[in-house]
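>>> mind folding the following:
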Amino acid sequence: MRDKIFKVVFSILFGFMLMRCGKEAGAQEETVSQSVMPETASWEVSASELPAGQQKQTGFMVNAVSEESGLKVLEEEYQAHFDAIENVADITINGYDIMEGQIFSIAAESFDAGECTFIPAMEENYHRLAIFLADAEGKILFKTNELETNNRIPGQLWQPTRDLGAVTFTDLNQDGRTDIVLITRCVNDTGEYAGKPYKIGDVLFQGEGIFYRDWRISDKINRFDMNRSVNSIISFVRDGNSTEFLYTATTLDELLKNGFTIIEEQHYTRRFEKLGRIQVVPGTFRMSEYDIFMIYLVDEQGDIVWSFQPMGSYDNLYSLRGVVGKDVDGDGMKDLIVLARYTYEGPSGELLIQSACSIYYQRTSGFDIDTGFTENYLCTEEDTMEALIPKIRAYWGWKVEEAEDD
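Next comes the predicted model:
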């Protein structure tokens, strides 16, 4: 009897809620952005006789549930194929492309199997990297797909990993076992950084018959840009060197105590409208074979009030052409313009040099990085700061006679 009463009450309440949702959704239908509500799928026949607003809301709910269920099915299929790999021959059968150029012998001391083979492979559909360790007979002794590069886009099966850029084997934690250092190359298809290649570093420590990751170490490697080369990762993990202070320091003294070197010829004091009298402090920190370039704005008390990393995803500062504080967008406040040359690794591992300009516009709350001029202007070796400033101002609509020398 109690069950029947409960069912009746529940039916009444549920019907009331549906009616209310339909009215509210219908009233707001004109103001809802099409980008927020996905189109109703053709298989949503059950919603066809509901009011328009309720059709849209029901469609959204069904779509969300369906997408979640569909993703779960795909994830289970993907994992089932990975789990089925027991021998080297199974790798390609289960949808993986073996990276032939990155197959190496490795001394896996804790596996008691003699010399083993390191085999990286990319899942064909979702671009997810997997690492396999095989013995002389081709039996898989260890495998993993739990890698930092497979988590670039959280909650999505497809990942932007393009290839394995570098790998090396060394004892990182001094336990007498060979560990693995990886660097992958990634390119996002959408979003703010679409089309721009970047690196992801990772470390697999050898345990007893297993390799494992420490996510805290992998996080710091990538969050503080220590993924530029395997030597940079080794310098951090094994030797204890770190760029973290470049991002967390609060004073100029702290930077200098940790090895930051000021580029004196571009070090000067300038008054910024919203910050007062400020030191512009460009400099580098040597990490393995790379000079990491940063710029800090420091007040008269020696405190850091702002910081910039103009080199972005480039590997190394080659030369600094200039750091200038001038108003270039016409709002009456000084902006910061940086012109430099950087080195980076090409697709085939070759060393390339590129000139690049960075612009930081002073705003009431700080500085905004330019995403207009620099995206459309390709710097060359011949560019100078004197020639660049008028071009930036022209982009913002300044006439030559209006641009006073400040």
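
>>> okay, CA-based contacts and neighbour counts for the rest of this
Will do.

>>> element containing Lys391, please.
Here Lys391 sits within helix 385-395, counting by DSSP states H and E.

>>> flag every buried residue along that helix.
In terms of neighbour count (16 or more other Cα atoms under 10 Å), helix 385-395 has its buried residues at 385, 389-393.

>>> tell me which of those is nearest to Gln301?
Closest approach between those and Gln301, by Cα to Cα: Met385, at 30.0 Å.

>>> which pLDDT value belongs to Gly59?
pLDDT recorded at Gly59 is 51.

>>> Ile304 and Leu336: what is the separation?
Distance, Ile304 to Leu336, using Cα to Cα, to the nearest Å: 16 Å.

>>> ignore the last one, Glu146
Glu146 is 42 Å from Leu336, where distance means Cα to Cα.

>>> and if you look at Asp179?
For Asp179, the distance to Leu336 (Cα to Cα) stands at 43 Å.

>>> who has more neighbours, the two?
Higher neighbour count among Asp179 and Leu336: Asp179, with 23 against 20, using other Cα atoms under 10 Å.

>>> which residue packs closest to the more buried one, ignoring adjacent ones?
Take Asp179 and drop its neighbours on the chain: the residue closest to it by Cα to Cα, 6 or more residues apart in numbering is Phe205, 4.8 Å away.

>>> you'd agree the one you found is up against Tyr212?
Yes - using Cα atoms under 8 Å, Phe205 makes contact with Tyr212 at a distance of 5.3 Å.

>>> okay, those two: which has more neighbours?
For Phe205 versus Tyr212, the count of surrounding residues by other Cα under 10 Å is larger for Phe205: 20 against 16.

>>> give me every residue that touches the more buried one.
Phe205 is in contact with 172, 178-180, 211-213, counting by Cα atoms under 8 Å, 6 or more residues apart in numbering.

>>> ok, now with 7 Å
Contact analysis of Phe205 by Cα atoms under 7 Å, 6 or more residues apart in numbering lists 179-180, 211-213.

>>> ok, Met311 next?
Met311 is in contact with Phe293, counting by Cα under 7 Å, 6+ apart.

>>> on the three-state scheme, the spatially closest residue to Glu75 that is not a sequence neighbour is what?
In space, and not counting its chain neighbours, Glu75 is closest to Leu157: 6.9 Å by Cα to Cα, 6+ apart. With DSSP: H, G, I helix; E, B strand; the rest coil as the basis, Leu157 sits in coil.

>>> is it correct that Leu157 is in contact with Tyr126?
Yes - counting by Cα atoms under 7 Å, Leu157 does reach Tyr126; the two are 6.3 Å apart.
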